[in-house]
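S.K.: here is the input, now give the coordinates:
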Amino acid sequence: MMTSLKDTINRAVKPGNGRYRWLIWVGLLGILLVGLSEWIPSSEESLPNSPAAVSASELEQALEERVTDLLRQMQGVGECRVMVTLEQGVQQVYATDTAGDSTQTLTVTTDHGPVGLPIAQVQPVVKGVAVVCAGGGNPAVNEQVSDLITTVFHISTHRVCVTQMN
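M.R.: Modelled structure (predicted):
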């Protein structure tokens, strides 16, 4: 097949004029590459999950692990367990078009159909933190743990409970 294609191209272009022959080969190569691109997966399919895809429970677990590691480094805390609760998970804010009394969410058409156009991402808010630790019976340790939690999560002290482990 390649030889017949080559013969056809050679007949279409005058012999001795290499410039046109070169352009035809480049054009055929371009067509071949476009055809092959159909079998190469798109970059969108290979992207990892976006942060918006993280569930509230996964985020709670990650926060609990980080706080537990931090508390274990504090003097007097000892062994500890942490529970973090969130008011909500990560939320997307979508672009809207307001015309008169009606509001409509703007969409973008993708391979999977129309989807909302995200303009912002609202991070979750910590609702409360419970800490059970070996040193929780010591008022000084209790206060230090409470101070650390309120500072890290920027929450008030009534949202933090520190108690002694059995």
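
S.K.: burial measure for residue 23, as a count.
M.R.: Residue 23 has 11 neighbours, counted by other Cβ atoms under 10 Å. C-beta: built from backbone N, CA, C; applies to glycine.

S.K.: following the host helix or strand of it, which helix or strand shows up next?
M.R.: Residue 23 belongs to helix 18-37 when assigned by DSSP states H and E. As assigned by DSSP H and E, the chain's next helix or strand after helix 18-37 is helix 56-72.

S.K.: of all the helices and strands in the chain, which has the lowest average confidence?
M.R.: Sorted by mean pLDDT, DSSP states H and E, the helices and strands of the chain end with helix 2-12, the least confident at a mean of 68.

S.K.: just to revisit the earlier point, I'd like the average pLDDT over the helix holding residue 23.
M.R.: Computed over helix 18-37, the mean pLDDT rounds to 76.

S.K.: stretch 74-82 now?
M.R.: The model assigns stretch 74-82 a mean pLDDT of 94.

S.K.: packing partners of the helix holding residue 23?
M.R.: Applying 3 or more Cβ pairs under 8 Å, 6 or more residues apart in numbering; DSSP states H and E, one finds that helix 18-37 contacts helix 2-12.

S.K.: rewinding a little: quick check: buried residues in the helix holding residue 23?
M.R.: residue 21 (16 or more other Cβ atoms under 10 Å).

S.K.: one more: stretch 111-122?
M.R.: For stretch 111-122, it's none, nothing buried (16+ other Cβ under 10 Å).

S.K.: returning to what we had before: centre of the chain versus the helix holding residue 23, how much separation?
M.R.: For helix 18-37, the separation from the chain centroid amounts to 40 Å (computed by Cα atoms, centre = their mean, to the nearest Å).

S.K.: repeat for stretch 155-166
M.R.: 31 Å.

S.K.: and for stretch 114-133?
M.R.: 13 Å.

S.K.: also stretch 81-95?
M.R.: 14 Å.

S.K.: and what of stretch 55-65?
M.R.: On Cα atoms, centre = their mean, the centre of stretch 55-65 falls 14 Å from the chain's centre.

S.K.: send the alpha carbons of that stretch over as PDB?
M.R.: Taking Å, rounded to 0.1, in the frame of the first residue of the first chain, the C-alpha atoms of stretch 55-65 are listed here in PDB:
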ATOM      1  CA  SER A  55     -15.600  13.500  51.100                       C
ATOM      2  CA  ALA A  56     -16.200  15.100  54.500                       C
ATOM      3  CA  SER A  57     -15.300  11.800  56.300                       C
ATOM      4  CA  GLU A  58     -12.000  11.500  54.400                       C
ATOM      5  CA  LEU A  59     -11.100  15.100  55.400                       C
ATOM      6  CA  GLU A  60     -12.100  14.500  59.000                       C
ATOM      7  CA  GLN A  61      -9.900  11.400  59.100                       C
ATOM      8  CA  ALA A  62      -6.900  13.300  57.700                       C
ATOM      9  CA  LEU A  63      -7.400  16.200  60.200                       C
ATOM     10  CA  GLU A  64      -7.700  13.700  63.000                       C
ATOM     11  CA  GLU A  65      -4.400  12.000  62.000                       C
END
